[in-house]
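Participant: Model the following, please.
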Amino acid sequence: MTLAASGGALAAGNDAALQALFAQANYWHEKSHDELAMESLQKVLSVDANNTQALYLMALWSQQGGDMQAAAQWRARLAKAAPDSPGLQDLDNAKKMSQVPQGQLSLARQQARGGNIPGALATWRSMFNGNTPPAGLAAEYYLTMASDKSLYPQAISELRQYVAQHPQENAPRVALGKALTWREETRREGIALLEPMASGNKEADSGLRQALLWLGPQAGDEQYYDTWMQRHPQDSEVQNYFRERRSGQARGQGYANLNSGNTAAAKQQFEEVLQTNPQDADALAGMGYIAQRSGDYQAASQYLSRAADLGGDASATRRQQAADALFYGQLAQASRRHCHPARRRRRYPDDPWLRLDLARLLQKSGNGSEASSLMSAAYRPGASNSALYAAALFASENGAWQQAQTLLARIPGGSQTSDMRDLRQRVNYNLQLVTAENYLAQGNTIAASNTLRAIASTPPKARRTPASWRVCWPRAAT
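Facilitator: As a prediction, the model looks like this:
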């Protein structure tokens with residue numbers, strides 16, 4: 001073994017022995033046997049005469065035991081060994097606290113717990129020498145004040161001033177950080193104050209954890225959660241909170257982009273959510289809507305089916321949307337292969353809306369005659385009102401206004417929906433336009449002008465997509 005290695009092993013052995021002595025000292029102190037606790041500390045000092053932790057505890061426990069002379073001697077040794085030790089201020093604070101009337105202190109705390117903040121503050125101030133609280137009470141006093149909404153701004157202002165005037169005191173700084181996290185607008189400032197102290201201060205660590213569970217995390221906040229998880233790898237609650245909130249924000253933005261037409265950004269955000277949670281039903285549904293808009297009906301059906309399988313309030317709707325996507329994929333495939341419409345008629349004999357969708361696809365692919373043939377069933381006697389309306393829609397989309405009027409006239413007035421009446425008005429309007437055009441072609445400008453003037457007084461309503469066949473692009477639910 002080298003000399004360096006030997007020295008390292010010796011240091012490690014000493015550290016282990018000292019930690020065992022400190023554990024023993026704390027054990028006896030908790031059992032109210034400070035004489036035995038101090039024996040353990042004396043053993044530490046026999047090995048390391050300037051051990052600041054041992055010197056601090058000797059001074060503190062002597063002070064708590066009422067031996068102020070011994071406490072002063074141990075404090076002096078600590079000041080000589082480590083002039084900048086925070087333990088010096090802690091000892092001074094503890095000494096001041098020991099001089100506070102315990103009855104008044106208990107009363108102030110009782111009043112604060114009971115919600116009597118003004119009374120508690122008055123009791124606190126009766127213990128002050130002036131308007132500024134003593135060091136040992138400052139943190140508790142200002143947190144009590146901050147718990148009253150009306151006094152919160154005053155508490156923060158005075159606490160900021162106190163911290164600036166006493167930079168060496170940690171407790172008021174922790175109190176300021178905690179109080180700042182109580183309000184959303186200053187929560188990040190409070191977190192930034194607490195985080196550097198959290199690893200060595202239980203109060204700061206507790207306040208930081210609560211703030212992380214209150215925060216609505218944004219992209220720049222990930223550093224706070226990463227640092228927390230490095231120090232607390234078993235804290236699944238904070239980790240899950242961050243993941244769920246970030247996923248929720250990404251989902252919301254994804255649907256906003258989807259509904260505005262920015263499918264590339266929406267896809268990126270849904271994929272981000274699924275990387276964190278592959279079983280996120282809303283993100284899976286979003287991917288399904290994107291696939292459907294790009295014409296990949298098979299992928300759309302798969303995504304929507306997976307979303308439906310996960311349950312939830314939208315499960316039934318997504319199941320139907322998955323079936324719709326599958327059907328439209330079959331329609332598109334049939335259109336590409338010039339599938340004969342008779343096969344579709346045999347498969348869907350009574351669904352006029354599926355006929356209409358197929359007819360539109362056939363016409364779009366250049367099969368106009370097949371499309372018209374597919375819709376011809378509505379011209380037969382006994383056609384349903386829905387079949388007549390669907391055929392009238394198809395006719396109007398192709399400028400066959402007279403056919404559309406004839407079909408609509410076969411629907412009884414009492415059975416006509418508002419969509420049907422709107423279509424009838426639009427058909428009549430366009431028929432009159434055709435009449436006016438014919439007058440103009442004949443040179444009869446007066447008749448054309450009169451016709452146009454008549455229809456201008458009663459223009460049709462803007463065209464709306466009937467709810468009964470608004471299924472091709474299901475609205476992405478947020």
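Participant: Domains in this structure, by residue range?
Facilitator: Domain ranges of the chain: 12-98, 106-234, 242-336, 341-456, per automatic domain parsing.
Participant: Comparing those domains, which comes out most buried?
Facilitator: Highest mean neighbour count of the domains of the chain: domain 242-336, a mean of 19 (counted as mean count of other CB atoms under 10 Å). The C-beta positions use only the backbone N, C-alpha and C, and glycine is treated the same way.
Participant: okay if I get the domains of the chain as a markdown table plus mean pLDDT?
Facilitator: A markdown table is the format used below for these (pLDDT from 0 to 100):
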| stretch | mean pLDDT |
| --- | --- |
| domain 12-98 | 85 |
| domain 106-234 | 88 |
| domain 242-336 | 84 |
| domain 341-456 | 80 |
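Participant: Dihedrals phi and psi, residue 215?
Facilitator: Backbone torsions for residue 215, taken as degrees, to the nearest 10, come to phi -70, psi 140.
Participant: gap between the closest residue to it other than its chain neighbours and residue 142?
Facilitator: Distances taken as CB to CB, 6 or more residues apart in numbering put residue 187 closest to residue 215, at 5.7 Å, once the chain neighbours are dropped. Distance of residue 187 to residue 142, given as CB to CB, to the nearest Å: 18 Å.
Participant: cool, and residue 249?
Facilitator: Using CB to CB, we find residue 249 at a distance of 34 Å from residue 142.
Participant: Would you confirm that residue 24 contacts residue 42?
Facilitator: No - contact status for residue 24 versus residue 42: not in contact, 11.7 Å apart, counting by CB atoms under 8 Å.
Participant: Could you check which helix or strand contains the closest residue to residue 18 other than its chain neighbours?
Facilitator: Nearest non-adjacent residue to residue 18, counting by CB to CB, 6+ apart: residue 44, 5.6 Å away. In the assignment (DSSP states H and E), residue 44 maps to helix 34-47.
Participant: CA atoms of that helix as PDB?
Facilitator: Presented in PDB, the C-alpha positions along helix 34-47 are these (Å, rounded to 0.1, in the frame of the first residue of the first chain):
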ATOM      1  CA  ASP A  34     -26.200  15.400  28.200                       C
ATOM      2  CA  GLU A  35     -23.400  14.400  30.500                       C
ATOM      3  CA  LEU A  36     -23.000  11.100  28.500                       C
ATOM      4  CA  ALA A  37     -23.500  13.000  25.300                       C
ATOM      5  CA  MET A  38     -20.700  15.400  26.100                       C
ATOM      6  CA  GLU A  39     -18.400  12.500  27.000                       C
ATOM      7  CA  SER A  40     -18.800  11.300  23.400                       C
ATOM      8  CA  LEU A  41     -18.100  14.900  22.100                       C
ATOM      9  CA  GLN A  42     -15.000  15.100  24.200                       C
ATOM     10  CA  LYS A  43     -13.700  11.900  22.500                       C
ATOM     11  CA  VAL A  44     -14.300  13.600  19.200                       C
ATOM     12  CA  LEU A  45     -12.300  16.600  20.300                       C
ATOM     13  CA  SER A  46      -9.500  14.300  21.500                       C
ATOM     14  CA  VAL A  47      -9.000  13.200  17.900                       C
END
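Participant: which residues sit against it?
Facilitator: The contact list for helix 34-47, computed with CB atoms under 8 Å, 6 or more residues apart in numbering, reads 14, 17-18, 21-22, 24-29, 51, 53-55, 57-58, 61, 64-65.
Participant: Chain neighbours aside, what residue packs nearest to residue 56?
Facilitator: Nearest residue to residue 56 in three dimensions, chain neighbours excluded: residue 87, at 3.8 Å (CB to CB, 6+ apart).
Participant: you'd agree that neighbour is up against residue 58?
Facilitator: No - contact status for residue 87 versus residue 58: not in contact, 10.8 Å apart, counting by CB under 8 Å.
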